[in-house]
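*Asks:* The following block contains a protein sequence and its predicted model.
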Amino acid sequence: MSRIALLPEAVASQVAAGEVVERPASVVKELVENAIDAEATRIEVLIRRGGISTIRVVDNGIGMDRDDALLCLERHATSKIRTGADLAAIHTLGFRGEALPSIASVSRFRLATRERGALAGTEVIINGGKIESVRDGGDAPGTQIEVRTLFYNLPARRKFLRTENTESSHVEHQLHIQAIGHPQAGFVFVNDERVVYQLPPANHLRERIRDLCGAALAAELLEVPEFDAGGLIVRGFVGKAGVSRSSRAQQLVFLNGRAVENSTLNFALREGYHTALMKGQHPVTFLFIEMDPAAVDVNVHPAKREVRFRDPAHVREAVVEATRRALEADRASWSRTFQPAAAGGLPPPTPPLIPEREQVALRKDWVVPPAGAEPLEAQTKTDQGSAEPRRETSQGFEPAAQNAEQAGRDPRSLASSASMSFPVGAASAPRAEFRATHSFKILGVLGKLYILMENESGLVLVDQHAAHERILFEEMRRRMEAQGVPSQRLLIPLTLQVSPRDADWLANNLPTLHRAGIALEPFGPGTFKIDSLPTFLRGSEPTQLVREIIDELRETSAQTSKLRLGEEMIAKTVCRHAVKANDFLREPELVRLIQDLLACELPYCCPHGRPTMIQIGYGELEKKF
C-alpha cells in the first residue's frame, strides 16, 4: 500500500487557511486589501465578539459579475496576474488568489457583489468550503463579504484564539495600518454595534494621522519631502528628535502601498536618526516608499508582511538620506527660534521703575558675541586685563565681584539673576549698551543644573550636562574625522576568531578598520591578530568590544562615515568629562555653553538621544495658572 496520498480538497484548503488566516484580524486584512485593489473609496468593517462571531466588510469598488463571483472562490484564481512575468512586477496588494477560498473553508461565508451599472448582482453562500446556493441579489454596487463563526469546523484552531477584547484590538490595529496606508479611501469601523471611528477620505496624510493618532502626535511629526533616489521615492512623516517609542508599534513603513517589515528599513531609520535616538528606543515613522515592483520580491512570506530587495543598500541609502534631510530641515527651523528678533518686531522690554543704583545691584546683561567672534572671556581680559566679569555702572565698568561684595552678596549668586541677550549671527552691540533688543535671554540657573531662558514662545529649560555632552561629542567627532582615530599599540597582541563569512568580510575591509584605529591582520584560518586599538576603547574584554564595533560597522551603509563605529565609545567618554549637575558655571561660561550648543549639528539632543532643552509655551503656563 502506498504511503503517499493526495490530500482531499477540503483538507488542503484548511492547510492553506492555516497559512493565511491566523486570527480574525488576518481575515479583515485580506478582505480590506481586496477592497482597495477593487478601487473602493469607502470601506465599512463590522465585527462582533472580536470577529469570532461575525466579520462584515462592505466596499463600493468595481464589483464582479456572476462568473467572476464563482471563479474567485477557486484556489489560485486571481485577476491580478496572468503570467510569470506579472509575478515579478506586482502592483496590487493581493495576487495569489488564496484568501477567499481559504477563508470560506473555515467559516460560514457569504459573498454579495454587483458591478457598477449592472441591473442585478450575485449572492453566493458557502458553508465550510462547500457552495450551498447561488442567486441574484439586489445589493448596492460593490462587494459585501460576511464571515460568521470563524474556525467553527476547526475546534482545535479556535481554542488558540485569545479573548474577544484582544482579538478586537488586533482587528482595530490592522484597520489602523490600512487606513494610514491608503488615506484616499474612507473607513468606517463598527465593533459590537458601536462606531469606533468614521474616517472620510483625506486630502493629506497628516489629516489621516491626526484623525487616528491624535493632534498631539501629528504636531510632533516632521514631513519628509519627496526624495527621489534614482527612481526610488521616499516621502511621509517621521517623529522629531526625542519623539520615540519603546517598541516598533508606530514605526510604519509602506512599500508601494503595502505595510511591510524589513530589517534593512529598520537599520536605515535608526541610522537616519543617528544620535537623535535613545538606545533601546524606536522612531515614530509613517514612511512611504515607491519603487519599481521588479526590484522587490513580495512573495517571501505567507501573509506578505516581509519583503526582499534586489539592492538593499540602495534602499537603505535612500531612507537614511530622506530621514536625515527631514531632521536637518527641522534643525534649521529650530535654530530660527533662537535668532535675533527682526527689525520692527518685538519692542524692547520696559525697564523696571526702580532707581538706577538698585537696578545695577539687582541685574546685569551679558551680550553674547556673534559666532566666530573672540570669546567673551578674552574680550574681558583685553578690556580690563583680567578674566573677571564686569558690569556697567554710572562711572563705567567695574568688576562684578567687587560690586557684589559692596552689595553684601555672594558673587556666585549673580548667575541666578543674570539676564543675557543672544544676538546669534548678528553684529555684537557696544558693550556700554545693555538694552534687551533680542527675543532670547538667559534668566538664571535652577538647581545648579537647568539654565532658564526666555524666547518669544515662552520659557526654555536647558540641561547643562546634556548640552555640554552634545558640544564635546561633536567636537571630538570632527577632530577624529579630520585627523583620524587615535590608536594605541598593544603590548601583547590579541587574537580574534571569527566565522568563515565574517573572516571574508574582515579581509575585504581591513583598510577601513585601520582608518578607524583597529589594526587587524590575518593570523591563520578564521583568525585575526589585533595589534592596536582606538585610545577611547576601554573594557575588560577588548575582543568582545571589537566584535561589537565590527558588527556596528557592518550595519553602516556604504556612504556613511566609518568613523561612526566608535561614536558610542565617544558618547561614553564625553559623558564623563561633561559638566555635571551642581557644577557652578559663571555667566561667561553659560553664554559660551549656549552659543556652542546653538552651533551644533543636532543641538536639541545629547549623544544618547535625550533632549538638551525643553520649550514650555505661554499657553501651557496659562493653563497652570
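*Replies:* Received the coordinates, thanks.
*Asks:* Surely H176 and L212 touch.
*Replies:* Yes - contact criterion CB atoms under 8 Å: H176 and L212 qualify, at 5.9 Å. No exception for glycine: its C-beta is placed from N, CA and C like everyone else's.
*Asks:* Just the C-alphas of the helix or strand harbouring L217, formatted as CSV.
*Replies:* Secondary structure assignment for L217, by DSSP states H and E: helix 215-219. This file holds the C-alpha atoms of helix 215-219, laid out as CSV (Å, rounded to 0.1, in the frame of the first residue of the first chain):
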residue,chain,number,x,y,z
ALA,A,215,-3.4,66.1,17.2
ALA,A,216,-0.6,65.9,19.8
LEU,A,217,1.3,63.2,17.8
ALA,A,218,0.7,64.9,14.5
ALA,A,219,2.2,68.1,15.9
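*Asks:* Just the buried residues of the helix or strand that that helix is followed by, please?
*Replies:* Using DSSP H and E, the helix or strand that follows helix 215-219 in sequence is strand 221-229. Buried residues in strand 221-229, counted by 16 or more other CB atoms under 10 Å: L221, L222, E223, V224, F227.
*Asks:* so who does T543 touch?
*Replies:* L494, T495, L496, I530 (CB atoms under 8 Å, 6 or more residues apart in numbering).
*Asks:* try E321
*Replies:* F227, A229, G272 are the contacts of E321 under CB under 8 Å, 6+ apart.
*Asks:* pretty sure it is in a strand, no?
*Replies:* No - counting by DSSP: H, G, I helix; E, B strand; the rest coil, E321 is not part of a strand but helix.
*Asks:* still on that earlier bit, now, which of the buried residues of strand 221-229 sits nearest N266?
*Replies:* Using CB to CB, V224 comes nearest to N266 of these, at 16.5 Å.
*Asks:* Please report how far that closest one lies from L287.
*Replies:* Separation of V224 from L287 (CB to CB, to the nearest Å) stands at 7 Å.
*Asks:* Ok, V106 next?
*Replies:* Taking CB to CB, one finds V106 at 35 Å from L287.
*Asks:* ok, what's across the strand from the spatially most central residue of the chain?
*Replies:* The centroid of the chain falls nearest to P283 when counting by CA atoms, centre = their mean (2.6 Å). Beta bridges link P283 to S244, judged by DSSP bridges.
*Asks:* so what's it up against?
*Replies:* V238, G239, V243, S244, R245, Q251, L269, R270, Y273, L277.
*Asks:* what are the ranges of the strands in the stretch 151-300 of the chain?
*Replies:* Using DSSP state E, counting those that start in this stretch, the strands of the stretch 151-300 of the chain run over residues 186-191, 194-199, 221-229, 232-239, 244-245, 251-255, 258-259, 282-283, 285-290, 296-297.
*Asks:* hmm, back to that, now the buried residues of strand 221-229 as CSV including pLDDT and distance to E146?
*Replies:* Listed next are the buried residues of strand 221-229 as CSV, based on pLDDT from 0 to 100; distance: CB to CB, whole Å:
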residue, pLDDT, distance to E146
L221, 94, 37
L222, 93, 42
E223, 94, 40
V224, 95, 40
F227, 95, 43
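*Asks:* Now these in JSON lines, please, with extra columns for distance to Q615.
*Replies:* Listed next are those as JSON lines, based on distance: CB to CB, whole Å:
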{"residue": "L221", "distance to Q615": "17"}
{"residue": "L222", "distance to Q615": "16"}
{"residue": "E223", "distance to Q615": "20"}
{"residue": "V224", "distance to Q615": "23"}
{"residue": "F227", "distance to Q615": "28"}
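*Asks:* Pick the one among these closest to L327.
*Replies:* Distance to L327 across the buried residues of strand 221-229 (CB to CB) is lowest for L222, with 7.0 Å.
*Asks:* Surely the closest one and R324 touch.
*Replies:* No - in this structure L222 lies outside contact range of R324 using CB under 8 Å: 11.3 Å.
*Asks:* G444 - that's part of a strand, no?
*Replies:* Yes - counting by three-state DSSP, G444 falls inside a strand.
*Asks:* Enumerate the beta-bridge partners assigned to it.
*Replies:* With DSSP bridges as the rule, G444 is bridged to L452.
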